[in-house]
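J.: Sequence isn't available, so here's the structure alone:
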């Protein structure tokens, strides 16, 4: 209300410079919020501040900090944990009498190549057996014919020798 009165009924002279606190009917009405900066939360991170235990605080430039050993250690630990999980899964499957559901891709590719090679070898062996069977049949027929011929010769020889 005093601010409204100050706007509608200005006084003729100002006492703002003669006192520290202007009276209720001060000539220039300015809300209190304009006298101070707006309230803001302090920043969470202030540029340039480093923790006392950090490498930067100890004089090591960020470009020279090596994070690879830590990440390599984490990778190695993850690899060991994966191996332990795989071993535990295999043991569980073996105990239950079920097959593991996951196959090694490299081993699968190797087995697939072996299977293709063995299929070709089997086809070649089947063809070879057929050829051998055909040769056996032909040899048996020749043997029967040779026996017959031999028998005929012996009969002729016997007739020749039996003639006086």
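T.: Great, that's in hand. Please read all numbers here as calculations on a predicted model, not as lab measurements. Residues are numbered from 1 along each chain as shown.
J.: care to break this protein down by domain?
T.: 1-32, 72-101, 108-164 (automatic domain parsing).
J.: Can you flag the weakest of those by average pLDDT?
T.: Lowest mean pLDDT within those: domain 1-32, a mean of 58.
J.: Can you lay out the domains of the chain as CSV showing mean neighbour count?
T.: (C-beta placed from N, C-alpha, C; glycine too.) Formatted as CSV, the domains of the chain follow (neighbours: other Cβ atoms under 10 Å):
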stretch, mean neighbour count
domain 1-32, 10
domain 72-101, 10
domain 108-164, 10
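J.: what helix or strand does residue 121 sit in?
T.: Secondary structure from DSSP states H and E places residue 121 in helix 105-162.
J.: do the same with residue 91
T.: Per DSSP H and E: residue 91 is located in helix 68-96.
J.: now do residue 103
T.: Using DSSP H and E, residue 103 sits in no helix or strand.
J.: So what's the residue count around it?
T.: Neighbour count of residue 103, defined by other Cβ atoms under 10 Å: 10.
J.: how near is it to residue 72?
T.: To residue 72, residue 103 is 29 Å away according to Cβ to Cβ, to the nearest Å.
J.: and what of residue 92?
T.: Using Cβ to Cβ, residue 92 is found at 31 Å from residue 72.
J.: go on, residue 149?
T.: To residue 72, residue 149 is 86 Å away according to Cβ to Cβ.
J.: Also residue 126?
T.: 54 Å.
J.: ok, now residue 133?
T.: Using Cβ to Cβ, residue 133 is found at 64 Å from residue 72.
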